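Can you look at this prediction? I've put the sequence above it.
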Amino acid sequence: MTSSTSNFEQLRLDGVTRRFGPPDTPAALSELDLTIERGEFIALLGPSGCGKSTALNCLAGLLPLTAGSIWQDDRRVDTLPPEKRGFGMVFQNYALFPHLTVRDNIAFGLRMRNLPKSDVQRRTTEAIEMVQLTEHTSKLPGQLSGGQQQRVAIARATVLEPSLVLMDEPLSNLDAKLRLEMRTEIRRLHQSLGLTTVYVTHDQEEALSMADRLVVMRQGKVQQIGTPEEVHTKPSTWHVADFMGYRNLLPLKASQLNGDQVTVDLGGTAIRGAAQGPVAPGDDVIAAVRPEDVKLADQGVKGLVEVVEYQGRERAVEVVLDGGVQDGVAQDPVRLHVRTERRVEAGEQVALTVTPGRLLVYPS
Ligand SMILES: Nc1ncnc2c1ncn2[C@@H]1O[C@H](COP(=O)(O)OP(=O)(O)OP(=O)(O)O)[C@@H](O)[C@H]1O
């Protein structure tokens, strides 16, 4: 397929804001600034209610903006109705026409454009092949599995060769295996059709595996924009860290500072971490580390195994450390999540080490 004539080099969101209710209510989406390059796959990621769908609906033209603007190169598009924007949409409820076959569902948009019959036929066939539904072209949506319906929805949106494809949790209704397959399929389509895609998900793994860049949101605001690697290894705040699988978020105190290296006391042992913001000795901090970066060792921070969950090759283990005494006051015990291949049992005494460089220390 050839690329759309309405294509663009950059799509720019400039202070895009949407409020539901009077001006003193907090905005569902607050001043989103984002420049999307043609061909990029962008994931909007964040917990439920963070404003992802609001952002997507503003882009689609389904919600008017309270403030801000959206630009396709130097053409302002937020003032246009949805159908004039020429974007393809794949939303959670696929909204296929129940009385039309797979082929007719996919061809519908092309027919509406009054294209020559032979063109409609050729492009529809290509789209059907692309989503591997050739054996199902005469079926009605009701005769398809959820994943097949989803593929029809994707073909229907992409056959029009839109300048931008918007997807809102398109895999949420699928079982785990199909979800993995469709991830690859969507990414493959994105690449082979040269699409620009904005994809909403609350699943960090999905976002990390599919997107070129992630926009991590919380309470209507952007927390971080970066490549999967940047967001995964250097979350900008402890909220992002929390969302990116840093299951251990430990409220500790900074004791020393050396460049960007901070020393914190973990269960009576001094441990060094990398400061992720302004931190001074004596400050309360949040130290973040992933379970896979805490190792059971022969020596190190002492603790007691409290819970063990069998997870195939590995075990997820919860270890309680003595909180120690600070300023004459006994501190609450600290709990650490650890992943290990070692066989351990609840009640066992263990020692822990943190992989050097993997402890991130945030101002609290
Ligand atoms: N039509 C509406 N009227 C009033 N409030 C709304 C409306 N739509 C969304 N909101 C509110 O705006 C906030 C953001 O909602 P939004 O649907 O964008 O979140 P989300 O990140 O997509 O969440 P989810 O993953 O649960 O869909 C929420 O607090 C929500 O309650």
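In hand now; what should we look at?

Let me know the pLDDT of the closest residue to Leu164 other than its chain neighbours.
Ranked by Cβ to Cβ, 6 or more residues apart in numbering and with sequence neighbours excluded, the top spatial neighbour of Leu164 is Phe87, at 4.6 Å. In this view, the C-beta of every residue, glycine as well, is placed from N, C-alpha and C. The predicted local confidence for Phe87 comes out at a pLDDT of 91.

One more: Ile154?
The predicted local distance difference test score for Ile154 is 87.

That one sits in which helix or strand?
With elements taken from DSSP states H and E, the one containing Ile154 is helix 146-158.

Counting by contacts, list what that helix packs against.
Using 3 or more Cβ pairs under 8 Å, 6 or more residues apart in numbering; DSSP states H and E, the elements in contact with helix 146-158 are strand 88-90, helix 102-112, helix 117-130, helix 176-192.

So which residues make contact with that helix?
Identification of contacts with helix 146-158 by Cβ atoms under 8 Å, 6 or more residues apart in numbering yields 88-90, 94-96, 102, 105-106, 108-109, 127-128, 130-133, 136, 141, 144, 165, 170-171, 173-174, 178, 181-182, 185-186, 189, 193, 195.

Does the ligand have contacts with the next helix or strand after that helix?
Proceeding C-terminally, helix 146-158 gives way to strand 165-168 as the next helix or strand, assigned by DSSP H and E. No: with Cβ under 6 Å from any ligand atom as the measure, strand 165-168 is seen stopping short of the ligand, the closest distance being 7.6 Å.

Sheet partners, orientation included, of strand 165-168?
As defined by DSSP bridges, the strand partners of strand 165-168 come to strand 88-90 (parallel), strand 197-201 (parallel).

can you redo the ones you listed as TSV with distance to Cys58 and mean neighbour count?
Rendered in TSV, the data for the strands paired with strand 165-168 read as follows (distance: least, Cβ to Cβ, whole Å; neighbours: other Cβ atoms under 10 Å):
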stretch	distance to Cys58	mean neighbour count
strand 88-90	13	23
strand 197-201	11	26
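
Confidence-wise, which of those strands is weakest overall?
Of all the strands paired with strand 165-168, strand 88-90 carries the lowest average pLDDT, namely a mean of 89.

Can you spell out the domain ranges of this protein, please?
Taking automatic domain parsing as the domain assignment, the record places the domains of the chain at 10-239, 246-363.

Kindly compare burial across those domains and name the winner.
Using mean count of other Cβ atoms under 10 Å, the stretch among the domains of the chain with the largest mean neighbour count is domain 10-239, at a mean of 18.

Distance from that domain to the middle of the chain?
Relative to the chain's own centre, domain 10-239 is displaced by 13 Å; criterion: Cα atoms, centre = their mean, to the nearest Å.

and the end-to-end length of it?
The stretch domain 10-239 measures 29 Å between its terminal residues, going by Cα to Cα, to the nearest Å.

rewinding a little: gap between the residue nearest to Leu164 and Ser53?
Between Phe87 and Ser53 the distance is 15 Å, computed by Cβ to Cβ, to the nearest Å.

and this protein, which residues reach the ligand?
Contact residues of the chain with respect to the ligand, defined by Cβ under 6 Å from any ligand atom, are listed as 20, 28, 46, 48-54, 202.

May I see those arranged in a markdown table, with distance to Thr158 as well?
Conversion of the residues of the chain next to the ligand to a markdown table gives the following (distance: Cβ to Cβ, whole Å):
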| residue | distance to Thr158 |
| --- | --- |
| Phe20 | 31 |
| Ala28 | 29 |
| Gly46 | 26 |
| Ser48 | 28 |
| Gly49 | 29 |
| Cys50 | 27 |
| Gly51 | 26 |
| Lys52 | 21 |
| Ser53 | 21 |
| Thr54 | 24 |
| His202 | 23 |
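
how about a markdown table for those, with secondary structure and distance to Gln261 added?
Shown next, in a markdown table, are those (DSSP: H, G, I helix; E, B strand; the rest coil; distance: Cβ to Cβ, whole Å):
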| residue | secondary structure | distance to Gln261 |
| --- | --- | --- |
| Phe20 | coil | 45 |
| Ala28 | coil | 40 |
| Gly46 | coil | 30 |
| Ser48 | coil | 36 |
| Gly49 | coil | 37 |
| Cys50 | coil | 32 |
| Gly51 | coil | 35 |
| Lys52 | helix | 36 |
| Ser53 | helix | 41 |
| Thr54 | helix | 40 |
| His202 | coil | 34 |
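
tell me the phi and psi of the residue nearest to Asp260 when sequence neighbours are not counted?
Distances taken as Cβ to Cβ, 6+ apart place Ala275 nearest to Asp260, at 4.6 Å, with adjacent residues excluded. Its backbone dihedrals place Ala275 at phi -70, psi 130, with angles given as degrees, to the nearest 10.

I'd guessed Ala275 sits against Val361; true?
Yes: the pair Ala275 / Val361 is scored as a contact, 5.2 Å apart, by Cβ atoms under 8 Å.

Next one: Leu115 from Leu96, what distance?
When distance is defined by Cβ to Cβ, Leu115 is 21 Å away from Leu96.

do the same with Ile42
Ile42 is 26 Å from Leu96, by Cβ to Cβ.

ditto for Tyr362
46 Å.

ok, back up a step: list residues touching both of Ala275 and Val361?
Joint contacts of Ala275 and Val361 (Cβ under 8 Å, 6+ apart) are Val262.

just to revisit the earlier point, can you list the residues of the chain next to the ligand in TSV and add pLDDT?
Output for the residues of the chain next to the ligand, formatted as TSV (pLDDT from 0 to 100):
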residue	pLDDT
Phe20	95
Ala28	97
Gly46	94
Ser48	91
Gly49	93
Cys50	95
Gly51	96
Lys52	96
Ser53	94
Thr54	96
His202	93
